[in-house]
Each structure stands twice: as C-alpha cells, then as structure tokens.
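Asker: Quick one, what's the 3D model for this:
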Amino acid sequence: MTKHLEILRETLRIIERAATQLRYTHEKVVDDMPLSPEAFETLDEGKRERLDAYAVRYARCQDLLYPAMRALGRSLLEPRADRSFLELFVLMQEQNIVQSTEDWERQRSLRNAVGHEYPDAEGIVDILNGIAGEVPAILDYVDRLQVRASVLLEKT
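Answerer: Sure, this is the predicted structure:
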C-alpha cells in the first residue's frame, strides 16, 4: 500500500499545481466571459495569449483528473481502479468526487477541442465560453480528490 500512497501523493502534487494555475487564470478572465466572436476579434495579443493559456491550463487539469482518480482508487485498494474507465468513474461517484458521466463527457470534449485549430472566432469563442462554464466543476473535482485523499494519507 505504501507504493500506492506515494503515487497518490505525487499525483496530487501535480494536479494541485495545475489547478492552482487554472484557478489563477480563471480569475483573470472570468469577468470577460462570455465572449462574443466580435469581442474576441478586437482583443489585443496579451489578452489572446491569456485566453490561450486558459484553454491549455483547463485541458491539462482535466487531463490529470483521470490518473489522479486512478491513483486514489488504487490507494483505496479498490479492484475497480484497474478496470474500465466506467468502473473507475462509478467508484469516483461513490466517493463523491465526480457527478455525472454527461458532465465528464462535456468536460472531456472541451479538453479535446483545445488541441484542435479553429480558424474562426466563433469556434474559439464557443470553446472558451464552454471552458469558463466548466472550470468551477473541474476545480471542485480536484478539491474533492484532495479531501478524500487526505483522509487516506493521514492514516499513514
């Protein structure tokens, strides 16, 4: 079990750093949301760069949730942690980390969209507005993971 806890600690350290960066950038851009394509077109390079960082930080944090959930499941010595993602997701629902598969799928879809090029402002704005709507949930997942993991880690 010690190895599982070490991996959990390291995974939590990494996702916490990602969440801190996402939280910081979210606070900087949230007042400008929702964006319109017209408003996006008039942004200066500095604001566009910040929005680009926002999208990348969202994608990174969302992407890190899966290994963090698996690490938590393994630390709980739960066999479902090494089975299908759906079984891991059900375990995380039972642990009150995540809510619905629909939310997860929407968040994952936004994460995947960040990696694609959208030449038109409308596509970019749709993604950014979607991200702004999902960031609170992503950060909540991280917080819940940390709370649940802290119970395990305090026992050792």
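
Asker: Contact partners for the residue nearest to the spatial centre of the chain?
Answerer: In the chain, the centroid-proximal residue (CA atoms, centre = their mean) is Q62; its distance is 2.5 Å. By CB atoms under 8 Å, 6 or more residues apart in numbering, the contact list for Q62 reads 107-108, 110-111, 138. In short, each C-beta sits where N, CA and C put it, glycine included.

Asker: how many neighbours does the closest residue to N129 other than its chain neighbours have?
Answerer: Leaving aside its sequence neighbours, N129 sits nearest to P34 (CB to CB, 6 or more residues apart in numbering; 4.5 Å). Around P34 sit 12 other residues, with neighbours defined as other CB atoms under 10 Å.

Asker: cool, R144 as well?
Answerer: With other CB under 10 Å as criterion, R144 counts 17.

Asker: buried ones in the helix or strand hosting it?
Answerer: Per DSSP states H and E, R144 falls inside helix 121-154. The neighbour-count check on helix 121-154 (16 or more other CB atoms under 10 Å) flags 121, 124-132, 134-135, 137-139, 141-142, 144-146, 148-149, 152 as buried.

Asker: Quick one: residues contacting A18.
Answerer: 57, 60-61, 64.

Asker: before we move on, the earlier item: for the helix holding R144, the averaged confidence score.
Answerer: Averaged across helix 121-154, the pLDDT comes to 96.

Asker: helices or strands up against it?
Answerer: helix 2-29, helix 37-41, helix 45-75, helix 101-114 (3 or more CB pairs under 8 Å, 6 or more residues apart in numbering; DSSP states H and E).

Asker: Pull the contacting residues for the residue of the chain most remote from its centre.
Answerer: Computed with CA atoms, centre = their mean, the maximum C-alpha offset from the centroid of the chain is found at T42, amounting to 28.6 Å. By CB under 8 Å, 6+ apart, no residues touch T42.
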